[in-house]
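Colleague: dropping the sequence and predicted coords here.
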Amino acid sequence: QVQLVESGGGLVQAGGPLRLSCAASGTVYSIATMGWYRQAPGKTRELVARITTDGITNYDDSVKGRFTISRDNAKNAVYLQMNSLKPEDTAVYYCNANIWSPGSGGFRDSWGQGTQVTVSS
């Protein structure tokens with residue numbers, strides 16, 4: 001069974017950078033769109049950024065110009081470079097991917113376990 005494994009969260013001061021990584025473990029036939037979501041306490045999960053297989057990206061307005069999403073198709077991985085972080089970026093960040101793997105019957109939505117990002121003011 002394919003799992004998404006995240007890393008890179010932590011505590012950072014406002015204005016600082018942080019880089020999140022996520023890779024699919026296990027046998028993968030293909031991965032379509034990959035993305036990052038976040039959920040702050042008391043709020044619903046929201047899209048931060050996503051990227052297609054061809055590298056087409058889109059971002060939430062709140063992170064445009066500060067965050068950059070990228071992917072390495074050979075490594076089945078997606079990254080989120082976060083710069084100029086703000087306290088309001090504090091949340092649990094989740095990796096998401098549409099994955100076709102053995103036994104899945106087609107592309108299925110998969111989620112990572114989440115990684116905490118805390119930005120201090």
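Modeller: Here it is on my side, so go on. This is a predicted model, so every value here is computed, not measured. Numbers count the residues shown, from 1 in each chain.
Colleague: can you verify my assumption that residue 120 contacts residue 15?
Modeller: No: in this structure, residue 120 is not within contact of residue 15 by Cβ atoms under 8 Å, at 10.3 Å. C-beta: built from backbone N, CA, C; applies to glycine.
Colleague: may I have the helix or strand harbouring residue 22 as PDB, with CA atoms only?
Modeller: Following DSSP states H and E, one finds residue 22 within strand 18-25. C-alpha atoms of strand 18-25 as PDB (Å, rounded to 0.1, in the frame of the first residue of the first chain):
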ATOM      1  CA  LEU A  18      10.900  26.400   5.800                       C
ATOM      2  CA  ARG A  19      10.800  23.600   3.200                       C
ATOM      3  CA  LEU A  20       8.400  20.700   3.300                       C
ATOM      4  CA  SER A  21       9.000  17.500   1.500                       C
ATOM      5  CA  CYS A  22       6.700  14.600   0.800                       C
ATOM      6  CA  ALA A  23       7.400  11.300  -1.000                       C
ATOM      7  CA  ALA A  24       5.300   8.300  -1.900                       C
ATOM      8  CA  SER A  25       6.600   5.000  -0.600                       C
END
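Colleague: residues making contact with that strand?
Modeller: Strand 18-25 has contacts (Cβ atoms under 8 Å, 6 or more residues apart in numbering) with 2-10, 12, 31, 34, 36, 75-82, 85, 93, 95, 97, 99, 110, 112, 115, 117.
Colleague: try 6 Å this time
Modeller: 2-8, 12, 76-82, 93, 95, 112 (Cβ atoms under 6 Å, 6 or more residues apart in numbering).
Colleague: stretch 96-105 too?
Modeller: Contacts of stretch 96-105 (Cβ under 6 Å, 6+ apart): 2, 27-35, 37, 107-111.
Colleague: ok, now with 7 Å
Modeller: Here stretch 96-105 makes contact (Cβ atoms under 7 Å, 6 or more residues apart in numbering) with 2, 4, 24, 26-35, 37, 78, 106-111.
Colleague: state the phi and psi torsions of the residue most central in space within the chain.
Modeller: With distances taken as Cα atoms, centre = their mean, residue 36 lies nearest the centre of the chain, 2.8 Å away. With angles defined as degrees, to the nearest 10, residue 36 sits at phi -120, psi 130.
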